[in-house]
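> show me the folded form of this:
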Amino acid sequence: MERQLSQLVERLRNAYQDRLVSVILYGSGAGGDHHRRFSDVNVLCVLRQITPRELAESGPISRWWREQGNPAPLLLSAEEVRNSTDCFPIEFHDIHERRRVLYGEDVVDAIEIDDCFYRAEVEHELRAKLLRLRQKAAGVLADKELLRGLLLESVSTFCVLFRHALRLAGHEAPFGKREVIRQAQEKFGLDPSPFERLLEVREGQRKPRELDPEPLLEEYLKGVELVVAAVDRLNK
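Next up, the predicted model:
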């Protein structure tokens, strides 16, 4: 990962030169719990401005970065970093709390995150991911391997959103996935079993075929629905 990050920074510097303000690694890659198979390498690229010129220059870099198995770098202008925290409080909290500056200024350090829509975004993301999970599950129920893969891919995202649900409710919000699940069990009454079994597979403690995905799906959906309801009950 370090070699890839160095190559990415070099490509960004060559493409944008003095228009490149900052390159920041955030999320699990910056926090020490990155999983090569299941985790993305998330990078924020801050430019002085973003015009069609910058978008065209980003094309080859984004394609190369995606070929390495990562999502395209997130492009924001310096002004957008300052002015869009109210629209993306989840993302800015994640970046602010776990980041590593790879190049340039630490543009995130001094920002004040506007939480006026924080609860709404957490509920929206939970509900949207739940709906998407149901849609995808409906299409793969007949294939245990695909259903199992779907659950394994989604558990990290729900752990992130559960952490924000805990944070919103005024509880301790650890970064470790297992710690998040334990806190959600204590504070929201979440059944930790389906989430812990999926994490065991991700961590190599359990073989994937030891999981029967159909009954696991039912337990898993109930857990997500419970956290959605908890967020919905928070002050609006």
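> what's the domain layout of the chain?
2-104, 118-232 (automatic domain parsing).
> nearest to Glu112, out of those?
Smallest distance to Glu112 across the domains of the chain (C-beta to C-beta): 7.2 Å, for domain 2-104. Just so you know, the C-beta spots here come from the backbone N, C-alpha and C atoms, and that holds for glycine as well.
> that closest one spans what distance, first to last residue?
Using C-alpha to C-alpha, to the nearest Å, the end-to-end distance of domain 2-104 comes to 17 Å.
> any idea how far Glu80 lies from Asp86?
Glu80 is 12 Å from Asp86, where distance means C-beta to C-beta, to the nearest Å.
> overlap in contacts of these two?
By C-beta atoms under 8 Å, 6 or more residues apart in numbering, Glu80 and Asp86 have no common neighbours.
> circling back: mean pLDDT, mean neighbour count and distance to Glu112 added to the domains of the chain, as a markdown table?
As requested, those are exported to a markdown table (pLDDT from 0 to 100; neighbours: other C-beta atoms under 10 Å; distance: least, C-beta to C-beta, whole Å):
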| stretch | mean pLDDT | mean neighbour count | distance to Glu112 |
| --- | --- | --- | --- |
| domain 2-104 | 91 | 16 | 7 |
| domain 118-232 | 96 | 17 | 13 |
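> and Val23, its phi and psi?
Note on Val23: backbone dihedrals following degrees, to the nearest 10 are phi -130, psi 120.
> also the one 4 residues further on?
Its backbone dihedrals place Gly27 at phi 90, psi -150, with angles given as degrees, to the nearest 10.
> my read is that it contacts Arg98, right?
Yes. Between Gly27 and Arg98 there is a contact under C-beta atoms under 8 Å: 6.3 Å.
> just to revisit the earlier point, need the domains of the chain in CSV (columns: distance to Ala110).
Listed next are the domains of the chain as CSV, based on distance: least, C-beta to C-beta, whole Å:
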stretch, distance to Ala110
domain 2-104, 9
domain 118-232, 19
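> tell me which residues touch Ser58, please.
Contacts for Ser58 were tallied using C-beta under 8 Å, 6+ apart; they are 15, 45, 72-73, 75.
> and it, which helix or strand is it part of?
Assessed by DSSP states H and E, Ser58 sits inside helix 52-67.
> okay, that helix in PDB with CA atoms only?
Taking C-alpha atoms only, helix 52-67 is exported to PDB below (Å, rounded to 0.1, in the frame of the first residue of the first chain):
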ATOM      1  CA  PRO A  52     -12.900  20.400 -16.800                       C
ATOM      2  CA  ARG A  53      -9.200  20.700 -17.200                       C
ATOM      3  CA  GLU A  54      -8.600  19.200 -13.800                       C
ATOM      4  CA  LEU A  55     -11.200  16.500 -14.500                       C
ATOM      5  CA  ALA A  56      -9.500  15.500 -17.700                       C
ATOM      6  CA  GLU A  57      -6.100  15.300 -16.000                       C
ATOM      7  CA  SER A  58      -7.600  13.100 -13.300                       C
ATOM      8  CA  GLY A  59      -8.900  10.500 -15.800                       C
ATOM      9  CA  PRO A  60      -5.700   8.500 -16.300                       C
ATOM     10  CA  ILE A  61      -4.800   8.700 -12.600                       C
ATOM     11  CA  SER A  62      -8.300   7.500 -11.500                       C
ATOM     12  CA  ARG A  63      -8.200   4.700 -13.900                       C
ATOM     13  CA  TRP A  64      -4.800   3.500 -12.700                       C
ATOM     14  CA  TRP A  65      -5.800   3.800  -9.100                       C
ATOM     15  CA  ARG A  66      -9.000   1.800  -9.700                       C
ATOM     16  CA  GLU A  67      -7.000  -0.900 -11.400                       C
END
